[in-house]
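>>> Generate coordinates for the sequence data below:
(chains A and B)
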Protein chains: 2
Amino acid sequence: MVAVAARELSIAAVHRLIERAGAERVGDDATEELRTILEELAQRVGKKAKDLASHAGRKTVKAEDIRLAVKEIVRE
Amino acid sequence: MVAVAARELSIAAVHRLIERAGAERVGDDATEELRTILEELAQRVGKKAKDLASHAGRKTVKAEDIRLAVKEIVRE
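Just a heads-up that it's a prediction; the model follows:
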């Protein structure tokens, strides 16, 4: 995974997402872990999407680049 | 992917994460797409982590549950 320079996602938001999945209690360590993972994943997807945009002759990353990048990274 | 009831992650944060990956320009559609994907992913991981915690006899989801859940969902 790539290094994340600074934190972007809110701890409270990530905590709510885990709770909403049905967890009775969520440890602070679990929230921090998922936050880091989501941030790293966003960067991996971003890098791949950027390459896909370049490949299509565009400087702007579009939703279609994100979707294709995610397909390669996340299992269905 | 599971349905997301309400939005949790900040559009600005997700936009910055894509930019930080080196993208020259990022379409609004791309940011929105990645936000949705990250939220859905967080819920998938949360559900799996909750099951793993139960399996280990715990009501509290811990970082180790998140890590194991992510392994099954995200490719290395």
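
>>> tell me the pLDDT at the residue nearest to the spatial centre of chain A?
Most central in chain A under CA atoms, centre = their mean is A:Ala42, positioned 3.1 Å from the mean C-alpha point. Note on A:Ala42: pLDDT of 95.

>>> Does the helix or strand containing it reach chain B?
Counting by DSSP states H and E, the element that carries A:Ala42 is helix A:28-55. Yes. Using CB under 8 Å from any CB of the partner chain, helix A:28-55 reaches chain B at A:29-30, A:32-34, A:37-39, A:41-47, A:49-50, A:53. (Glycine included, C-beta is placed from N, CA and C.)

>>> Please list only the buried members of these.
Among the residues of helix A:28-55 next to chain B, the ones that count as buried by 16 or more other CB atoms under 10 Å in any protein chain shown are A:30, A:32-34, A:37-39, A:41-47, A:49-50, A:53.

>>> show me where pLDDT drops low in chain A?
Applying pLDDT under 70 to chain A flags residues A:1-5.

>>> What number of residues are in the vicinity of A:Leu68?
17 (other CB atoms under 10 Å in any protein chain shown).

>>> One more: A:Ala12?
10.
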